[in-house]
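[1] build me a structure from this.
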Amino acid sequence: MASSAESQRLRDLRLLRRVRDRMDREHAQPLDVAALAAGVHMSPGHLSRLFKEAYGESPYSYLMTRRIERAMTLLRRGELSVTEVCFAVGCSSLGTFSTRFTELVGMPPSEYKERAEGLAGIPGCDLRRVSRPIRNREAARPPSGLA
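    Residues are numbered from 1 along each chain as shown. As a prediction, this is how the structure comes out:
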């Protein structure tokens, strides 16, 4: 019986990795938990529970973090306005985008864009490390099971 439970857990982890990989690849597409769950033949509630258990945050939170990371890159380039960046990364609401950006980065996107001029000349690998958004703010404990 234990091997059956372990087999199911491993199958679930493979499906969760597929969901996470899809969010990483398609972060700019209109994704929601229902669409992600349908892609792996799970109910949205079950997917959300398993995802949070495995990664320490909800699928929505993970997706928004990916979008904010991409937004930070676009804002540093300075070629697009905050509104254009919002829509380019897949957000449909400027208010939600700005609120989540501020929560993760610690400043509004417009301020980040202004300050990004001071980051010119920093090598990309160092810039990614120091400018990465804070993740798992709502997770009380570190994720278990997956890295």
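
[2] low-scoring pLDDT stretches of this protein, where are they?
    Within the chain, the ranges that satisfy pLDDT under 70 run 1-2, 118-147.

[3] swap the cut-off to 50 and go again
    Per-residue confidence of the chain (counting by pLDDT under 50) places the weak regions at 136-147.

[4] ok, longest helix in it?
    helix 2-25 (DSSP state H).

[5] elements contacting it?
    Packed against helix 2-25, as judged by 3 or more Cβ pairs under 8 Å, 6 or more residues apart in numbering; DSSP states H and E, are the following elements: helix 33-39, helix 44-55, helix 59-77. Every C-beta, even on glycine, is put in place using the N, C-alpha and C of the backbone.

[6] please identify the buried residues of the shortest one?
    Buried positions in helix 33-39, judged by neighbour count with 16 or more other Cβ atoms under 10 Å: Val33, Leu36, Ala37.

[7] what's the local residue count around Ser4?
    If you count neighbours by other Cβ atoms under 10 Å, Ser4 ends up with 8.

[8] swap in Tyr55?
    23.

[9] isn't it up against Leu16?
    Yes: in this structure, Tyr55 sits in contact with Leu16. The criterion is Cβ atoms under 8 Å, and the distance is 7.5 Å.

[10] just the helices and strands packed on helix 2-25: most buried one?
    For the helices and strands packed on helix 2-25, average neighbour numbers computed from mean count of other Cβ atoms under 10 Å are highest in helix 59-77, which has a mean of 21.

[11] C-terminal to that helix, what's the next element?
    Following helix 59-77 in sequence order, the next helix or strand is helix 82-88 (DSSP states H and E).

[12] tell me the angle the helix or strand following that following helix makes with helix 59-77.
    Toward the C-terminal end, the helix or strand that comes next after helix 82-88 (DSSP H and E) is helix 94-105. Going by axes from the mean of the first three to the mean of the last three Cα atoms, to 10 degrees, helix 94-105 is angled at 90 degrees with respect to helix 59-77.

[13] show me what whichever helix or strand comes after helix 94-105 is in contact with.
    Scanning the chain past helix 94-105 towards its C-terminal end, the next helix or strand to appear is helix 109-115 (assignment: DSSP H and E). Around helix 109-115, the neighbours that count as contacts under Cβ atoms under 8 Å, 6 or more residues apart in numbering are 71-72, 75-76, 78, 82, 85-86, 97-98, 101-102, 105, 107.
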